[in-house]
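Trainee: coords below, sequence missing:
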């Protein structure tokens, strides 16, 4: 036994799926009142390890201690009994119900068999006040932002007396300002003695919030450090097992003639009076707060919506796309923000996803040419270094980075002159990120052009030749590469707020 | 537990696990077991005449189930197939009466046209006017039944031409014409679904409508088209049935939609769309028909058969759920 009682202690945890071991005897400790960051590339075993504590997976080998007692956590309800709560990356609240009903779902205060709403709202209000969450207990979940839904989820965990909180990439879909309030809450939890495991890919966040950092690689524990004893480069090196000289392999390419010219493009309430030009060889960054209208603008350029006014010129020719098909045929590609929602057909294979947007190229005499398809797919897998067992495997079983490469391959074979990337590396691990950036650079080096929407400041500044900032649906300003600074961009983002 | 090492060994050789095997071939194994059991109990079960008979009936249900497979693959459902079948049958019977003096081919075309029109109506409502498939086809089920009564006045249509009756009862060589029609349709549908762009788009639309749209697929047209296919194949089934019973009976097609859905589901196609296989539907068709014929031969009453069928459908889907990853 250890002399200081850890909240969680894992010893030699092993877990196999279908005879393949994914955790090879991992040790892990969580101390009270600390934030312990868990890092590693996708597939390193972070989520699997945490799901062992959360009762989703039962470990095949090793020991689990909670509050110093050895336990077998064979169900999520057992985990809850032990005070473990996991906030999943994708939240699943009951959207039609209120905040209060969500928090007390399944354990509503009742009087003679009926739900006691007065008591329900009162208890919820007390809980929210205590946690300093400024939300109305009667508000419907669907009216809340993702960040607030997350707060509700945390409040729910606390109300269940959870003192071990696991957060799986909690900031992957919230804005910078919302991250601040989440962190305030995390600090508050720390003061209460709650121990938190924080899974994230975002380095700057980790260094802000974590006390300890554990890195996993390929199902093995690499090391655990106090946050003061480790730096950025060491972490990266340990995560990928190789030295990533440059996180952003930006190659400067001579800027050529104008490819895309957008003038006064408007859809009221989405984007208003937007004008810009995009040149050959250029990566043009689009930055703005969530809801600033960046995605809506790109959807319009790609033919998913029609502009109310304004014009789009492509290679000097005015275009009015009525569907994505027309945009694709004119050489525009759109790597959407929501990979699973709009990028991939998850039940289909890697091969079939890859050729989906250019399927006409594989038809001869009305029939699909399986040989030609297989050849092109194999070429793309090789060119993009996509890790697949077989092109016939379902795309849903790939990691985020490899899924994104399948989406890229799909667009590359449509032979576009302009690719729009909307949050190209969201939810992707460090190693794969660098590869995506390289693909982007190679692509513009061939005389093409890229528009990149990014909410990650280092990425936007690291990769772009020019950055356009939108603020509250309007064009707020533009910066050249030598003018980039966090402060300047932040100011522009808030210009019309 | 005991099959764990076996599963590992299989994995090493790059073969599928027991679970995957059960999920992919479970229904096929069930079909073979079914045939073996019935053959053991009654040897006539596999006599040429019984097989011919079984396949002839199966081909009518089969046409509906194949059309339904396209619809279900897009994530939709078509409740109007039975009603379209009856409607197409009656309109073709009306024009196939000896007193009308039309060639059988004209009668067939009119029947198929009815299916095409109602199917197109379904497709337009669902794809372009955003009516949920369940509601849209429920409505057109009623519409098709009404159209049937309008032309028959609820009376049978007698005195069909021999040329028309031949479609249902005739043979080419030793093979009944309905089986030949079914085989041709099957081949066309296999090519459509697996060898052409169209089929890939059907899977994509059912698997992820938004991703299909962003990839430049005209998703509305694809959705509309599957209901047209379902309508045309239902009509073909209706024409064949009418020709087979040698007079137009208004109740033709009643309740066929449930069997068609059952066959598709037994075949492993997901009602959520995007996942499924045409050969699975063929197995589903044969399971339902082999069961019905076998139980008939054993003298099991129709009422008991209904109960058995219900359990088979639920059991098949349960198996699918249990073996899914």
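Mentor: Alright, I've got the coordinates. Predicted model only: the values in this text are computed from it and were never measured.

Trainee: so what's residue B:196 up against?
Mentor: The contact partners of residue B:196, by C-beta atoms under 8 Å, 6 or more residues apart in numbering or on different chains, come to A:363, A:366, A:367, A:368. Every residue, glycine included, has its C-beta placed from N, CA and C.

Trainee: Find the nearest non-adjacent residue to the third one, please.
Mentor: So the one you mean is residue A:367. With sequence-adjacent residues excluded and distances taken as C-beta to C-beta, 6 or more residues apart in numbering or on different chains, residue A:367 is closest to residue B:195, at 4.9 Å.

Trainee: so residue B:72 sits right up against residue B:273, yeah?
Mentor: Yes. At 6.9 Å, residue B:72 and residue B:273 qualify as touching, with contact defined as C-beta atoms under 8 Å.

Trainee: any shared contact partners between those two?
Mentor: Shared contacts of residue B:72 and residue B:273 (C-beta under 8 Å, 6+ apart): residue B:206.

Trainee: These two: which is more packed in?
Mentor: When neighbours are counted by other C-beta atoms under 10 Å in any protein chain shown, residue B:72 and residue B:273 differ, and residue B:72 comes out ahead with 30 against 22.

Trainee: From residue B:208, how far out is that one?
Mentor: Note on residue B:72: its distance to residue B:208, by C-beta to C-beta, to the nearest Å, is 16 Å.

Trainee: now residue B:226
Mentor: The separation that residue B:226 has from residue B:208, given C-beta to C-beta, amounts to 16 Å.

Trainee: Name the residues of the lowest-mean-pLDDT helix or strand in chain A that are buried.
Mentor: Among the helical and strand segments of chain A, the one scoring lowest on mean pLDDT, DSSP states H and E is helix A:232-240, with a mean of 80. Neighbour counts over helix A:232-240 (16 or more other C-beta atoms under 10 Å in any protein chain shown) mark A:235, A:236, A:238, A:239, A:240 as buried.

Trainee: Packing partners of that helix?
Mentor: helix A:203-209, strand A:212-217, strand A:220-226, helix A:430-445 (3 or more C-beta pairs under 8 Å, 6 or more residues apart in numbering or on different chains; DSSP states H and E).

Trainee: That one versus helix A:430-445: what angle between them?
Mentor: For helix A:232-240 against helix A:430-445, the angle by axes from the mean of the first three to the mean of the last three C-alpha atoms, to 10 degrees is 100 degrees.

Trainee: Alongside chain A, which residues does the stretch 51-200 of chain B contribute?
Mentor: Residues of the stretch 51-200 of chain B lying close to chain A by C-beta under 8 Å from any C-beta of the partner chain are B:191, B:195, B:196, B:197, B:200.

Trainee: okay, those in a markdown table with pLDDT, distance to residue B:44 and secondary structure next?
Mentor: Below are those laid out as a markdown table (pLDDT from 0 to 100; distance: C-beta to C-beta, whole Å; DSSP: H, G, I helix; E, B strand; the rest coil):
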| residue | pLDDT | distance to residue B:44 | secondary structure |
| --- | --- | --- | --- |
| B:191 | 97 | 36 | helix |
| B:195 | 95 | 39 | helix |
| B:196 | 96 | 42 | coil |
| B:197 | 96 | 46 | helix |
| B:200 | 96 | 44 | helix |
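
Trainee: Give me the buried subset of the residues you listed.
Mentor: Using 16+ other C-beta under 10 Å as the burial test, those include B:195, B:196, B:197, B:200 as buried.

Trainee: Could you confirm residue A:183 falls within a helix?
Mentor: Yes. Residue A:183 forms part of a helix when assessed by DSSP: H, G, I helix; E, B strand; the rest coil.

Trainee: check contacts around the spatially closest residue to it that is not a sequence neighbour.
Mentor: Counting by C-beta to C-beta, 6+ apart, the nearest residue to residue A:183 once its immediate chain neighbours are dropped is residue A:209, at 5.6 Å. The contact partners of residue A:209, by C-beta under 8 Å, 6+ apart, come to A:35, A:37, A:183, A:186, A:187, A:198.

Trainee: Please tell me the pLDDT value assigned to the residue nearest the centre of chain B.
Mentor: Note on chain B: the residue nearest the mean C-alpha position is residue B:65, at 1.2 Å, using C-alpha atoms, centre = their mean. Note on residue B:65: pLDDT of 97.

Trainee: can you pull out the helices in the stretch 51-200 of chain B?
Mentor: In the stretch 51-200 of chain B, the helices defined using DSSP state H, counting those that start in this stretch lie at B:81-96, B:104-123, B:133-152, B:162-169, B:177-190, B:197-207.

Trainee: Can you tell me which of these is packed in deepest?
Mentor: Each of the helices of the stretch 51-200 of chain B was scored by mean neighbour count; the highest is helix B:81-96, a mean of 30, by mean count of other C-beta atoms under 10 Å in any protein chain shown.

Trainee: Thank you kindly, that will do.
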